[in-house]
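Trainee: Quick one: sequence and predicted model below, then my questions.
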Amino acid sequence: MSSEYGSGLIRIAFAAVPRRRRVLAAKVLVTVGLVLAVGEAIAFATYPVGPVDPGRRGPRRRSR
């Protein structure tokens, strides 16, 4: 979004929809949706790799 301001392309978006809050809210929703989708995909993809050592549970503790 900062590149839109730098290049001046944000003026086109604001010309099409003069209500700035609506444009910015839409951009935030799209960004949040993309981040959530990518995060979920990464979480599901890495889940099987998690239990590398199924015999060990929890963090390693120092013995006294």
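Mentor: Perfect, I can see it now.

Trainee: For this structure, give me the ranges with low pLDDT.
Mentor: For the chain, the stretches with pLDDT under 70 are 1-2, 51-64.

Trainee: for this structure, longest helix please?
Mentor: Longest helix in the chain, counting residues (DSSP state H): helix 20-46.

Trainee: Distance from the chain centre to it, please.
Mentor: Relative to its chain's centre, helix 20-46 lies at 5 Å (C-alpha atoms, centre = their mean, to the nearest Å).

Trainee: now stretch 4-14
Mentor: Between the centre of stretch 4-14 and the centre of its chain there are 23 Å (C-alpha atoms, centre = their mean).

Trainee: repeat for stretch 16-33
Mentor: 16 Å.

Trainee: swap in stretch 14-30?
Mentor: Per C-alpha atoms, centre = their mean, the centroid offset for stretch 14-30 relative to its chain is 19 Å.

Trainee: How about stretch 43-53?
Mentor: So, by C-alpha atoms, centre = their mean, the centroid of stretch 43-53 is 20 Å from its chain's centroid.

Trainee: Just the CA trace of it, in CSV.
Mentor: Extracted as CSV, the C-alpha positions of stretch 43-53 are listed here (Å, rounded to 0.1, in the frame of the first residue of the first chain):
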residue,chain,number,x,y,z
ALA,A,43,0.3,-24.3,10.0
PHE,A,44,-1.4,-27.3,8.3
ALA,A,45,1.7,-28.0,6.2
THR,A,46,4.1,-28.0,9.1
TYR,A,47,1.8,-29.9,11.6
PRO,A,48,3.1,-33.4,10.6
VAL,A,49,6.7,-32.3,11.1
GLY,A,50,6.0,-31.2,14.6
PRO,A,51,6.2,-34.5,16.5
VAL,A,52,9.7,-35.5,15.3
ASP,A,53,10.4,-37.3,18.6
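
Trainee: Would you mind listing the buried residues in that stretch?
Mentor: Buried residues in stretch 43-53, counted by 16 or more other C-beta atoms under 10 Å: none are found. Quick note: C-beta positions are derived from backbone N, CA and C, even for glycine.

Trainee: got it, and stretch 27-42?
Mentor: Buried residues in stretch 27-42, counted by 16+ other C-beta under 10 Å: none are found.
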